[in-house]
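> could you look at this predicted model? Sequence included:
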Amino acid sequence: MPKAKRKPMKKAASSSSDGGESTNAGVANLSLSPLNDVSPLLLSSAAPKDRKLPFTIPYIGPISLVQQHQSVVHGRGLVVTRDVSAGECLFVLPAVAAAPIDEVYNRFLDEDEEDYDDIDDDIGTSINDASVVKKDGPHLESIAEDMLIEQIQSLVDILDDKESACAKEDISRAHSLLNAFVSQMSSDEVPSTATNEDLMKTLLLSNANTDMDKTVLDRETMLNIIRRNAFGPDFHNYDTVATCWNTTPDGKQCYNRLLGVYPLSAMINHSCSPNAVRVFGRVPNSSDTSGSEMCDQIQGKEVMLVHANKAIAKRTEITWSYIPPSNPLNERREELSKYGFTCNCLRCVQEEKALTASPLTTLGEHLPGNEASMRDMIQTIEQNLPCNEIRVSYAQLYLEYFNKALAQSDIDKINDILKLATRLHFSFVACNNACTEHLSILHMCYDLAGVLHTHALQHKSEGAMTQVRFWTEQLKKTVMTRYGNLGENLENVRALMKHSKLVLRRKDGWYSVNDKFI
């Protein structure tokens, strides 16, 4: 599935004075107990009736920050401070700044010829011509970026106004927000001598120091920070959102976020075999957030929830994928080149080594158009598979083949597809557990098992129910990894299983659900 266009570009950070892990001492809302149920941030039906969230935001789990340390692949990153189980919540954070969806929508649609009065009439092009006013994805993205810049500039203006009538707490908050925003810059842009603990506090808005050099925050620098670190649309890309808004009368209701700045999250490095997964939720408007330092500021606002997608050993770095994980090695490296590094995670190293003398290197980059050719290509992969993870690199091929083959209701073909999908499932468990592609495959497997069970009942056969139970458990387990254990509330688990199936398996399913997340 399309990911956000803007992800953190990792550059080496300056060495901290201690060189080890931050202790998180003094960091607000550091929790010593796991957060077991984030459903109020995802499902409107799960919002507490007493309007009081059962936890505070931000929630900071067993994580710490390190700089120039052997445990991270790039200059700075986050590590876990104890052994962590799959599905455990690592942190929940509100955005430091986020493009307000209503205002972006209005600005995107309201821009008309009045905004282009200075266009030379000699151009000979209508003002509505796409070459002059093109309301497409890049145009929408630039609006969202501009609105973030306006928010950051308003904080700078508060601090620049010597006669500001703002309350002391507002001035202090402006300092904290700007310190966190600037801390995303790499060390070659803004040298830092901050310790790990101090940097962690800054990223969590617990540093209102007034010695920040605001002169570094010109428009170009702000835009550079946003483009390197902000998180954009996480399921649909800007082009899809723009098309929806241009063609749907109530398009504003189809999305509730576009672009947000999360400084702590920007510290997480990339891996093609990640151990964490993120989801965007929303604090209910009516929630009582007393106990949270941000209180009213976060009501109705977006939050990022990060869970471990596999067991993580103490002091291991937290990583996630900046790009769709189901692409071949050469495509992944080409896409990652724009971030300024070459990924040498274990998956990439093993895949590069395995492909050196493998028939798989002769496979074309483009998917064949017919079912038979796809099947032949998949057979080549299965017969020459040097390591399990490589199957994930061709997941799009498998999915295209499944879709074409399932157009025919052949029970033998369904059995064959389920066997192939089972292998693909376990490959995803090994290197990209609980990603959206994996979840989509599990929903398909569950449905196919149901078809086989119905066929078995009609023909008075046995054994198919075992497959239904197996895939039910696999789907439940994966949902409770991506979204946490949901307090082991089966009603919420079923709701999330239904929600994810609608979004991932039904055409235009995103537009039919009330809660806009995946």
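Nice, thanks for sending it over.
> quick one: classify Asn256 as helix, strand or coil.
Here Asn256 is coil, with the state taken from DSSP: H, G, I helix; E, B strand; the rest coil.
> quick one: it and Ser500, what's the gap?
Per CB to CB, to the nearest Å, Asn256 is found 17 Å from Ser500. The way it works is simple: take the backbone N, C-alpha and C, and place the C-beta from them, glycine included.
> list the contacts of Trp510.
235-236, 254, 503, 516, 518 (CB atoms under 8 Å, 6 or more residues apart in numbering).
> Asn256 and Ser500: which has the busier surroundings?
Ser500 (24 against 17; other CB atoms under 10 Å).
> now tell me what touches the helix or strand hosting Asp146 from outside.
Take DSSP states H and E as the rule and Asp146 turns out to sit in helix 137-160. Identification of contacts with helix 137-160 by CB under 8 Å, 6+ apart yields 5, 97-100, 103-104, 107-108, 164, 166, 170-171, 174-175, 177-178, 181, 214, 217, 219, 222-223, 226-227, 230, 232, 237-242, 245, 258-259, 261.
> with pLDDT, distance to Tyr394 and secondary structure added, can I get the contacts of Trp510 in TSV?
Converted to TSV, these look like this (pLDDT from 0 to 100; distance: CB to CB, whole Å; DSSP: H, G, I helix; E, B strand; the rest coil):
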residue	pLDDT	distance to Tyr394	secondary structure
Phe235	89	22	coil
His236	93	24	coil
Cys254	94	32	helix
Val503	97	24	helix
Lys516	95	30	coil
Ile518	95	23	coil
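> now the helix holding Asp146: mean pLDDT?
Confidence over helix 137-160, taken as the mean pLDDT, stands at 94.
> from Val182, how far off is Arg173?
In this structure, Arg173 and Val182 are 15 Å apart, going by CB to CB.
> and the two? Which one has more around it.
Val182 (22 against 19).
> kindly list the main-chain dihedrals of the more buried one?
With angles defined as degrees, to the nearest 10, Val182 shows backbone torsions of phi -70, psi -30.
> does it touch Met222 like I think?
No. With contact defined as CB atoms under 8 Å, Val182 does not reach Met222; the gap is 9.7 Å.
> can you turn the buried part of the contacts of helix 137-160 into a ChimeraX selection?
Of the contacts of helix 137-160, the buried ones go into a single ChimeraX selection, burial set by 16 or more other CB atoms under 10 Å:
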select :5,97,98,99,100,104,107,108,171,174,175,177,178,181,217,222,223,226,230,232,237,238,240,241,242,245,258,259,261
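> show me where the stretch 401-518 of the chain has its helices.
Assigned by DSSP state H, counting those that start in this stretch, the stretch 401-518 of the chain shows helices spanning 411-431, 436-458, 464-482, 490-505.
> how about the CA coordinates for the first one, as CSV?
Presented in CSV, the C-alpha positions along helix 411-431 are these (Å, rounded to 0.1, in the frame of the first residue of the first chain):
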residue,chain,number,x,y,z
ILE,A,411,-12.0,-25.6,-5.9
ASP,A,412,-8.7,-27.2,-6.8
LYS,A,413,-7.3,-23.8,-7.8
ILE,A,414,-8.6,-22.4,-4.5
ASN,A,415,-6.7,-25.1,-2.7
ASP,A,416,-3.5,-24.3,-4.6
ILE,A,417,-3.8,-20.6,-3.9
LEU,A,418,-4.3,-21.2,-0.2
LYS,A,419,-1.2,-23.3,-0.1
LEU,A,420,0.8,-20.5,-1.8
ALA,A,421,-0.7,-17.9,0.4
THR,A,422,0.2,-19.9,3.5
ARG,A,423,3.9,-19.7,2.5
LEU,A,424,3.6,-16.0,1.8
HIS,A,425,1.9,-15.5,5.2
PHE,A,426,4.8,-17.1,7.0
SER,A,427,7.3,-15.1,5.0
PHE,A,428,5.6,-11.9,6.1
VAL,A,429,5.7,-13.1,9.7
ALA,A,430,9.5,-13.5,9.3
CYS,A,431,10.3,-10.1,8.0
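> now the angle from that helix to helix 464-482?
30 degrees (axes from the mean of the first three to the mean of the last three CA atoms, to 10 degrees).
> got the angle between helix 411-431 and helix 436-458?
Between the axes of helix 411-431 and helix 436-458, defined by the same axes, to 10 degrees, the angle is 150 degrees.
> check the third one too.
With the same axes, to 10 degrees as the basis, helix 464-482 and helix 436-458 are set at 160 degrees to each other.
> and the contacts of helix 464-482?
86-87, 277, 279, 307-309, 418, 425, 433-434, 438-439, 442-443, 445-446, 449-450, 452-453, 455-457, 486, 493, 496-497, 500.
> next, the buried residues of it.
Judged by neighbour count using 16+ other CB under 10 Å, the buried positions of helix 464-482 are 464, 467-468, 471, 474-476, 478-482.
> skipping its backbone neighbours, what lies nearest Glu335 in space?
With CB to CB, 6 or more residues apart in numbering as the measure, Ile323 is the residue that lies nearest to Glu335, at 4.8 Å, once sequence neighbours are left out.
> that neighbour: neighbour count?
The burial count assigned to Ile323 is 20, neighbours taken as other CB under 10 Å.
> correct me, but it touches Lys338?
No. Ile323 lies out of contact with Lys338 (CB under 8 Å); the separation is 9.7 Å.
> shaky segments in this protein?
Along the chain, the parts satisfying pLDDT under 70 run over 1-32, 49-51, 68-74, 111-133, 162-164, 186-193, 211-215, 286-296, 361-367, 463.
> quick one, strands of it?
59-60, 63-67, 76-80, 89-94, 97-98, 260-261, 269-270, 276-282, 302-308, 319-320 (DSSP state E).
> next, format these as a markdown table and append distance to Glu331.
What follows is the strands of the chain, written out as a markdown table (distance: least, CB to CB, whole Å):
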| stretch | distance to Glu331 |
| --- | --- |
| strand 59-60 | 35 |
| strand 63-67 | 31 |
| strand 76-80 | 25 |
| strand 89-94 | 29 |
| strand 97-98 | 31 |
| strand 260-261 | 27 |
| strand 269-270 | 15 |
| strand 276-282 | 21 |
| strand 302-308 | 26 |
| strand 319-320 | 18 |
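> I'd like to know which of these is closest to Asn370.
strand 276-282 (34.4 Å; CB to CB).
> list the helices and strands that closest one packs on?
Using 3 or more CB pairs under 8 Å, 6 or more residues apart in numbering; DSSP states H and E as the contact criterion, the elements in contact with strand 276-282 are strand 302-308, strand 319-320, helix 464-482.
> any chance of CSV for the ones you listed, columns distance to Ile57?
Formatted as CSV, the entries for the helices and strands packed on strand 276-282 read as follows, by distance: least, CB to CB, whole Å:
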stretch, distance to Ile57
strand 302-308, 6
strand 319-320, 20
helix 464-482, 20
